[in-house]
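S.K.: Fold the stuff below for me.
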Amino acid sequence: MRRALKWLGVALLMAVAGFFVLGPGIAERSMNKVEGAPLPEVSDEARALHASLVIVDLHSDSLLWGRNPLERAGRGQMDLPRLIDGNVALQVFSSVTQSPAGLNFERNSADARDNITLLAVGQLQPPRTWTSLAERSLYHAHKLERAAEEAPDALHLVRAPADIDAVLAERDATGRPVGALFSAEGLHNLEGDAANLQRLYDAGLRMAGLVHFFDNEVAGSMHGVAKGGLTAFGRQIVPRMEDMGVIVDIAHCSHRCVAEVLAMARRPVVSSHGGVQATCATNRNLTDDEIRGVAATGGVIGIGYFDGAVCDTSPAAIVAAMRHVRDLVGADHVALGSDFDGSVTTAFDTSQLVQVTQALLDDGWSEGDIRKAMGLNALRVLREGIKPPGSYAQDASGRWRVDTTPLPPILPGDVR
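M.R.: Numbering: from 1, shown residues only. As a prediction, this is how the structure comes out:
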């Protein structure tokens, strides 16, 4: 009996060790895949043009996973060495803090079992992240900051327009440094407390999606239960974000949420990662009216590389969505939003971004429009959106100017 108990104990210890040591890596390999049809051949013309581009990607979820972003990994789709290989000048790193079990595009409850909690425990993150969504985002912000401190010549944090200028001025023939801007995928990480927005801003937050796959205290998700618009809390949080210099991201928002955000926007709005209904009729993608609305704010639409965004994973499918945005509202509103490491399957990883440049050339895009779509448009919006705090108001001529009128306080009863 003792021997049986001893071996049972050994087996349990091995199982626990396997969960912590092997589990997170196995999970990521099953969720962030690079596979698909053979990629097209890349021409010398595309390689030369790609090497001269300023490339910006508006969304990746690499901070979620328990690996060092500075080291080349044998799994996933993005890390610093592969960003350098792909000639990326600026990468937006998003913080994912909650993901419901049984996740789907149609209907998810915020009360469903959360998969990120299991991942936080399995990756041996600090215990404070096991129970607090705000602490998870703060942990991700610290992880990105620590990476920049460990590789000061290769990774620079972007928190103000001057940081963008510094990254571009310092980039050399080796593709260093890469700019890193911290974002969040869903403001459920505020936990219904506006004070957490300031905490996250102080930690580096400069862009935030209002929702993810479920309705939260700020707004309704396209994949939620009610799919409503902005809550009373959300109607105060959105202008406060703009006043602070946190870009409003409508990816995953319900149609009503999108309409309400666009109606009140005073700075450029982005849809950081997704697609368009015209080329891929999944519910997460933007209608033509929504595309026009984003463009009217001066914003951009970041096109994803995964099936849910473009109904394929080929470079040609990505460019088809980009072309629709260009033809509808102009080349100034097209951008990249890979969703790398976001539990998606793609046909290529960050190191192979020349595939998009090749596909744009094959589709007949001009060099100027390629430069805009691959990064210059996103840079324009980032510079405008992260300007230092100072609220905007419209003057008699219709132009926006700085307004120092204090915002009304957000009261506890205004959460919904």
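S.K.: quick one: contacts for residue 157?
M.R.: By CB atoms under 8 Å, 6 or more residues apart in numbering, the contact list for residue 157 reads 144-145, 148, 163, 179-182, 204. (Each C-beta comes from the backbone N, C-alpha and C, glycine too.)
S.K.: so what's it bridging to?
M.R.: The partner list for residue 157 in beta bridges (DSSP bridges) reads residue 180.
S.K.: quick one: it and residue 270, what's the gap?
M.R.: Taking CB to CB, to the nearest Å as the measure, residue 157 falls 19 Å from residue 270.
S.K.: Next: residue 278.
M.R.: Relative to residue 270, residue 278 is positioned 19 Å away (criterion: CB to CB).
S.K.: Skipping its backbone neighbours, what lies nearest residue 311 in space?
M.R.: With CB to CB, 6 or more residues apart in numbering as the criterion, residue 311 has its nearest non-adjacent residue at 3.8 Å, and that residue is residue 280.
S.K.: Name the SS class of that neighbour, please.
M.R.: Assigned by DSSP: H, G, I helix; E, B strand; the rest coil, the conformation of residue 280 is coil.
S.K.: center of the protein, which residue is that?
M.R.: Geometric centre of the chain, nearest residue: residue 59, 2.9 Å, by CA atoms, centre = their mean.
S.K.: what's that one in contact with, if anything?
M.R.: Contacts of residue 59 (CB under 8 Å, 6+ apart): 92, 94, 183, 185, 251, 272-273, 302, 304, 337-339, 342.
S.K.: which among those residues end up buried?
M.R.: Neighbour counting over the contacts of residue 59 (16 or more other CB atoms under 10 Å) leaves 92, 94, 183, 185, 251, 272-273, 302, 304, 337-339, 342 as the buried ones.
S.K.: Does residue 206 lie in a helix or a strand, and which?
M.R.: strand 205-209 (DSSP states H and E).
S.K.: Likewise for residue 120?
M.R.: Using DSSP H and E, residue 120 falls in helix 115-122.
S.K.: Measure how far that helix is from the centre of its chain, please.
M.R.: 20 Å (CA atoms, centre = their mean, to the nearest Å).
S.K.: For that helix, which outside residues touch it?
M.R.: 19-20, 23-24, 27, 64, 66, 96-101, 103, 129-131, 136.
S.K.: repeat for stretch 308-316
M.R.: Contacts to stretch 308-316, defined as CB under 8 Å, 6+ apart, come from residues 36-37, 39-40, 105, 273-275, 279-282, 284-285, 303-307, 317-318, 320-321, 339, 344-348, 355-356, 358-359, 362-363.
S.K.: redo that, cut-off 6 Å
M.R.: Applying CB atoms under 6 Å, 6 or more residues apart in numbering, the contact partners of stretch 308-316 are 36, 274-275, 280, 282, 307, 317-318, 321, 346-347, 355-356, 359.
S.K.: Likewise for stretch 78-85?
M.R.: 60, 62, 69-70, 72-73, 91, 175, 178, 340-341, 349-351.
S.K.: about what we covered before: with respect to residue 167, which of the contacts of residue 59 is nearest?
M.R.: Ranked by distance to residue 167 (CB to CB), the contacts of residue 59 are led by residue 92 at 13.0 Å.
S.K.: Ramachandran coordinates for that closest one?
M.R.: phi -90, psi 120 (degrees, to the nearest 10).
S.K.: Now do the contacts for it.
M.R.: Applying CB under 6 Å, 6+ apart, we find residue 92 in contact with 58-59, 181, 183.
S.K.: Okay, now the unreliable bits of the stretch 151-300 of the chain?
M.R.: Within the stretch 151-300 of the chain, no stretch has pLDDT under 70.
S.K.: And the strands in it?
M.R.: Secondary structure of the stretch 151-300 of the chain (DSSP state E, counting those that start in this stretch): strands located at 155-157, 178-185, 205-209, 247-249, 270-274, 300-303.
S.K.: Reformat those as CSV; add distance to residue 373.
M.R.: As requested, the strands of the stretch 151-300 of the chain are exported to CSV (distance: least, CB to CB, whole Å):
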stretch, distance to residue 373
strand 155-157, 23
strand 178-185, 18
strand 205-209, 19
strand 247-249, 18
strand 270-274, 14
strand 300-303, 9
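S.K.: quick one: buried residues of stretch 255-266?
M.R.: By neighbour count on 16+ other CB under 10 Å, the buried set for stretch 255-266 is 255-262, 265-266.
S.K.: Restricted to helices, list the residues you listed.
M.R.: 255-262 (DSSP state H).
S.K.: which among the contacts of stretch 308-316 gets closest to residue 44?
M.R.: Closest to residue 44 out of the contacts of stretch 308-316 is residue 355 (14.7 Å), distances taken as CB to CB.
S.K.: and after the helix or strand hosting that closest one, which helix or strand comes next?
M.R.: According to DSSP H and E, residue 355 maps onto helix 354-362. Per DSSP H and E, the first helix or strand lying C-terminal to helix 354-362 is helix 367-371.
S.K.: what about that next one, distance to the chain center?
M.R.: The answer for helix 367-371 is 23 Å, by CA atoms, centre = their mean.
S.K.: Against which helices or strands is the very next helix or strand once past that helix packed?
M.R.: Next along the chain after helix 367-371, taking DSSP H and E as the criterion, comes helix 377-385. Judged by 3 or more CB pairs under 6 Å, 6 or more residues apart in numbering; DSSP states H and E, helix 377-385 is in contact with strand 55-60, strand 300-303.
S.K.: neighbours around residue 119, how many?
M.R.: If you count neighbours by other CB atoms under 10 Å, residue 119 ends up with 21.
S.K.: pLDDT value on it, please?
M.R.: Note on residue 119: pLDDT of 95.
S.K.: before we move on, what about the one 4 residues further on?
M.R.: Taken from the predicted model, the pLDDT recorded for residue 123 is 95.
S.K.: One more: the one 10 residues further on?
M.R.: The confidence metric pLDDT takes the value 98 at residue 133.
S.K.: what do you get for residue 414?
M.R.: Here the pLDDT value assigned to residue 414 is 43.
S.K.: coming back round to it: setting the sequence-adjacent residues aside, check what's closest to the residue nearest to the centre of the chain.
M.R.: Residue 59's closest residue in space is residue 273 (CB to CB, 6+ apart), at 3.8 Å.
S.K.: Tell me if I'm right that that neighbour and residue 342 touch.
M.R.: No: between residue 273 and residue 342 there is no contact under CB atoms under 6 Å: 7.5 Å.
S.K.: neighbours around the closest residue to residue 355 other than its chain neighbours, how many?
M.R.: Distance criterion CB to CB, 6+ apart; nearest residue to residue 355, sequence neighbours excluded, is residue 315 at 4.5 Å. Using other CB under 10 Å, residue 315 has 25 other residues around it.
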